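Participant: here's a sequence, model it:
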Amino acid sequence: MRSNCARFHFGACFLVVVATCYTNLPAATGDGSVQETTKPARGRLPAYFSQVVSEEQRQKIYQIQEDYRPKLESLELQRRALLKERNEKIAALLTAEQKKQIKDAATKAKRKRAQAEEEHKRPEREAATDVDKDIATRPAE
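Facilitator: Here you go, the predicted structure:
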């Protein structure tokens, strides 16, 4: 049952990707040349904007977002580099024993989360099994 669901989701995702790629292809003209299609800008509106703004405002918002995208990406890369540098300096202060203790604590927490997640999933499967048994043992009407 689970593999059929996974296959369905994979197939649906595959179709979305193929459809997206196909719609982004340039259009062919009658003389054999290729014409780029110009579609309105697309993006993601801030929360609660979609029901309030006009189409013209929507396009301007998308353009502003596109204008800021490279700047924000650059800042994000800088932020990640600073965090990495900071974490390396912090780790350099620790002794080998402290590093081992931290690694052990992280491993223990990871196992505990996985166990809690597994316990959370288990009742759902058992409940589904009970329903299936009930249906199987019910007399036909």
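Participant: would you map the helices across this structure?
Facilitator: 2-23, 55-92, 96-137 (DSSP state H).
Participant: could you tell me the least trusted of these?
Facilitator: Mean pLDDT across the helices of the chain is lowest at helix 2-23; the value there is a mean of 55.
Participant: do you know how far Tyr68 is from Lys89?
Facilitator: Distance of Tyr68 to Lys89, given as CB to CB, to the nearest Å: 31 Å. (Each C-beta comes from the backbone N, C-alpha and C, glycine too.)
Participant: now Lys112: how far from Glu119?
Facilitator: Distance, Lys112 to Glu119, using CB to CB: 11 Å.
Participant: and for Arg113?
Facilitator: 11 Å.
Participant: what's the answer for Gln63, then?
Facilitator: Counting by CB to CB, the gap from Gln63 to Glu119 is 49 Å.
Participant: tell me which of the two has more neighbours.
Facilitator: Gln63 (12 against 9; other CB atoms under 10 Å).
Participant: quick one: that one from Val52, how far?
Facilitator: According to CB to CB, Gln63 and Val52 sit 18 Å apart.
Participant: cool, and Leu72?
Facilitator: The gap separating Leu72 from Val52 is 24 Å, by CB to CB.
Participant: next: Arg42.
Facilitator: For Arg42, the distance to Val52 - CB to CB - is 18 Å.
Participant: and Ile61, how many neighbours?
Facilitator: For Ile61, using other CB under 10 Å, the count is 17.
Participant: phi first, then psi, for the residue lying closest to it once chain neighbours are set aside.
Facilitator: For Ile61, ignoring the flanking residues on the chain, the nearest one in space by CB to CB, 6 or more residues apart in numbering is Leu45 at 6.2 Å. Torsion angles at Leu45 (phi, psi; degrees, to the nearest 10) stand at phi -80, psi 150.
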